[in-house]
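Peer 1: Have a look at this prediction, sequence included:
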Amino acid sequence: MTPQPPRRIMRPVWIIALLSALALAAIGIPTTAREFADPQPAPDFTHSGAETWINSTPLKLAELRGKVVLLDFWTFDCWNCYRSFPWLKGIEQAYGPGGMAVIGIHTPEFEHERVRANVVAKTREFGIEHPVMMDNDYSYWKAMGNRFWPTFYLIDKTGKVRARYIGETHAGDLRARAIEEKIEQLLAEPDPG
């Protein structure tokens with residue numbers, strides 16, 4: 001009889017992920033996904049000048065009532081942000097016709113990311129066609145209590161913030177599937193009266 005190597009005890013990945021999330025939460029670092037139990041109305045966009053909007057005239061959230069809105073906080077030198085764009089374009093194509101809108105919130109990290117011409121050039125380079133609000137003064141970033149690039153917020157048809165997802169996202173990964181499931185749930189909710 002051939003001796004068998006000792007069996008390793010493998011811990012499931014989900015246990016490790018759960019323990020990591022609990023440890024991060026214990027020291028005050030948010031986990032990457034959060035659904036809000038008591039959703040609050042999203043603050044209206046903080047910039048209304050034509051020079052602060054790309055691919056759109058200035059928008060107000062009230063104009064988007066009845067749509068599910070995905071806010072994408074990004075900045076163009078953030079590789080986690082632009083590596084998420086293929087997934088973002090895919091969900092725009094999949095869910096846009098059913099009533100979802102994507103609004104980019106470009107909040108700069110570096111001085112050259114504050115220059116409108118640079119942001120316009122990068123939106124063209126990345127093939128971004130949805131509206132983008134330039135948030136150079138961090139006013140919308142602060143109004144949303146945001147802290148990371150990229151961060152995605154889902155706003156329901158009534159204008160309430162229902163969920164937040166932090167981090168680079170790719171088609172088929174766990175975060176993408178969670179966001180897409182939440183979009184489908186929000187799209188299935190009745191339209192506001």
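Peer 2: Ah, there it is.
Peer 1: Just give me the neighbour total for the spatially closest residue to residue 152 that is not a sequence neighbour.
Peer 2: Spatial nearest neighbour of residue 152, excluding adjacent residues (C-beta to C-beta, 6 or more residues apart in numbering): residue 165 at 4.5 Å. Where you see a C-beta, it was placed from the backbone N, CA and C, and this is true even at glycine. Residue 165 has 21 neighbours, counted by other C-beta atoms under 10 Å.
Peer 1: again, but for residue 146
Peer 2: Neighbour count for residue 146, taken as other C-beta under 10 Å: 19.
Peer 1: Run through the bridge partners of the nearest residue to it once chain neighbours are set aside.
Peer 2: Counting by C-beta to C-beta, 6+ apart, residue 146 lies nearest to residue 73, which is 5.3 Å off, once chain neighbours are set aside. Residue 73 has the following beta-bridge partners by DSSP bridges: residue 105, residue 151.
Peer 1: do you know how far residue 73 is from residue 62?
Peer 2: 21 Å (C-beta to C-beta, to the nearest Å).
Peer 1: Give me the buried positions along stretch 50-67.
Peer 2: By neighbour count on 16 or more other C-beta atoms under 10 Å, the buried set for stretch 50-67 is 52, 53, 54, 59, 61, 64, 67.
Peer 1: just checking, the second one touches residue 131?
Peer 2: Yes. In this structure, residue 53 is within contact of residue 131 by C-beta atoms under 8 Å, at 6.4 Å.
Peer 1: Quickly list what's touching both of those two.
Peer 2: The contact sets of residue 53 and residue 131 overlap at residue 59 (C-beta atoms under 8 Å, 6 or more residues apart in numbering).
Peer 1: residues in contact with the residue minimising distance to the centre of the chain?
Peer 2: Nearest to the mean C-alpha position of the chain, counting by C-alpha atoms, centre = their mean, stands residue 152 at 1.3 Å. When contacts are counted by C-beta under 8 Å, 6+ apart, residue 152 touches 70, 71, 72, 73, 164, 165, 166, 169, 179.
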